[in-house]
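**Student:** Compute the structure for the input listed below.
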Amino acid sequence: MKEIVVISGKGGTGKTSLTSSFAYIGGKSLVVGDCDVDADDMHLLLKPDYAEKKEFKSGFYAEIDQEKCIACGKCRDICRFKAIDLKDKVYSINDLNCEGCGYCARVCPEGAIAMIDASVGHVFKSQIKNGATMIHARLKPGADNSGKLVAKVKQDAKAAAEKEGVEIILIDGSPGIGCPVVSSLTGADYVILVTEPTPSGIHDLKRVYELVKKFKIKAGLVVNKWDLNKSLTDELETYAKSEGINLISKLPYNEDFTKAITAGKTAAEFYESEISGLIKEAWENARKEIIKE
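**Tutor:** You can find the predicted model right below:
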């Protein structure tokens, strides 16, 4: 079983649109995982049925039992996050500030504070419109532990692939270099880097590839909208060659990409468009790379 992770150094490069197209082309030959849990968008194009839904708990939050509380104030004095409010001589937890460290529960002389498992999101197992299995998740607004939720998505995607006898897991990772990206890369066999020929695109590609190198994962590059700035595209190709990154594809600017998204479709479904054929070639190039491993 092989795992391909698609990431980008910055948002807006077309990463999720491209991954959704790959998922549509791959069909039942792969299991799809949406690990961009802070901004999950693949469902807009792949139309999952949300057949299974599980609550995801990670971390803790404090809760004060008012019947046991003697209003001594020790919890408020010790809380460095200013998460305990006092109003009309009643102490309560400010959920937005509480970090779930549990120190308040330790110092409470009456045992009036309990640490409760925090529900931070949900994990779904769905069938998408081409019949493939997709594991995806949604993090609650403002919730922490996105890295752990990503790990859960990858774990469930692997279990689904093993059950179905599927050889490839396709993961849509988060942009940037934060904790969700690190979690997405863990255990990956191949990374597809998606960028665009802009100064920020080049800068952030180099930054995220430094992270990929630490995992010692082979990588390929897709340059989206390459024809908007050919000199910067040349710079990207030179960088890729110097780092041993395989150039998977250069996709031209094409309004059919936007038209497809507006219609709730992947670009791969625009069969009469040039972009559809190029994306299919890009997927085949990436698939050949993973087969070599």
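**Student:** Report the contact partners of the residue lying farthest from the centre of the chain.
**Tutor:** Centroid-distance maximum for the chain: residue 70 at 44.6 Å, with Cα atoms, centre = their mean. Applying Cβ atoms under 8 Å, 6 or more residues apart in numbering, one finds that residue 70 lies in contact with 109, 110, 112. (C-beta placed from N, C-alpha, C; glycine too.)
**Student:** Those, buried ones only, as a PyMOL selection?
**Tutor:** Those of the contacts of residue 70 that count as buried under 16 or more other Cβ atoms under 10 Å are selected in PyMOL with:
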select buried, resi 112
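**Student:** Please identify which of the contacts of residue 70 is nearest to residue 5.
**Tutor:** Among the contacts of residue 70, residue 112 lies closest to residue 5 (Cβ to Cβ), at 45.7 Å.
**Student:** which ones are touching that closest one?
**Tutor:** 64, 65, 66, 68, 69, 70.
**Student:** Give me the three-state assignment for the fourth one.
**Tutor:** With DSSP: H, G, I helix; E, B strand; the rest coil as the basis, the three-state label of residue 68 is coil.
**Student:** distance of it from residue 110?
**Tutor:** Distance of residue 68 to residue 110, computed by Cβ to Cβ, to the nearest Å: 5 Å.
**Student:** Distance check, the most centrally placed residue in the chain against residue 44.
**Tutor:** By Cα atoms, centre = their mean, the chain has its centre lying nearest to residue 36, at 2.1 Å. From residue 36 across to residue 44, the span is 12 Å (Cβ to Cβ).
**Student:** Grab the nearest non-local neighbour of residue 227.
**Tutor:** Of all residues not flanking residue 227 in the chain, residue 252 sits nearest, at 4.7 Å (Cβ to Cβ, 6 or more residues apart in numbering).
**Student:** Which stretches in the stretch 1-150 of the chain count as helices?
**Tutor:** 15-26, 43-46, 74-78, 103-107, 146-164 (DSSP state H, counting those that start in this stretch).
**Student:** how about low-confidence regions in the stretch 1-150 of the chain?
**Tutor:** Applying pLDDT under 70 to the stretch 1-150 of the chain flags residues 144-145.
**Student:** what do you get if the cut-off is 80, keeping everything else the same?
**Tutor:** 141-146 (pLDDT under 80).
**Student:** hmm, back to that, what's the overlap in contacts for residue 36 and residue 44?
**Tutor:** Shared contacts of residue 36 and residue 44 (Cβ under 8 Å, 6+ apart): none.
**Student:** Am I right that residue 28 is in contact with residue 131?
**Tutor:** Yes: shown here, residue 28 and residue 131 form a contact pair, counting by Cβ atoms under 8 Å, at 5.3 Å.
**Student:** So which of the two has more stuff around it?
**Tutor:** Ranked by neighbour count (other Cβ atoms under 10 Å), residue 28 and residue 131 place residue 28 first, with 13 against 8.
**Student:** Pull the contacting residues for that one.
**Tutor:** Contact partners of residue 28, counting by Cβ under 8 Å, 6+ apart, are 130, 131, 132, 164, 166.
**Student:** what do you get for residue 250?
**Tutor:** Residue 250 is in contact with 222, 223, 226, 233, counting by Cβ under 8 Å, 6+ apart.
**Student:** Tell me which entries of those lie within helices.
**Tutor:** Applying DSSP state H to the contacts of residue 250, the entries found in helices are residue 233.
**Student:** In a markdown table: the contacts of residue 250, plus distance to residue 83.
**Tutor:** What follows is the contacts of residue 250, written out as a markdown table (distance: Cβ to Cβ, whole Å):
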| residue | distance to residue 83 |
| --- | --- |
| 222 | 44 |
| 223 | 46 |
| 226 | 49 |
| 233 | 50 |
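**Student:** The contacts of residue 250 in strands, which ones?
**Tutor:** Those of the contacts of residue 250 mapping onto strands are 222, 223, per DSSP state E.
**Student:** need the contacts of residue 250 in JSON lines with pLDDT, can you?
**Tutor:** Listed next are the contacts of residue 250 as JSON lines, based on pLDDT from 0 to 100:
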{"residue": "222", "pLDDT": "97"}
{"residue": "223", "pLDDT": "97"}
{"residue": "226", "pLDDT": "97"}
{"residue": "233", "pLDDT": "97"}
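**Student:** and which of the contacts of residue 250 is nearest residue 289?
**Tutor:** Among the contacts of residue 250, residue 222 lies closest to residue 289 (Cβ to Cβ), at 11.9 Å.
**Student:** could you check the distance from residue 24 over to residue 170?
**Tutor:** For residue 24 relative to residue 170 (Cβ to Cβ), the value is 11 Å.
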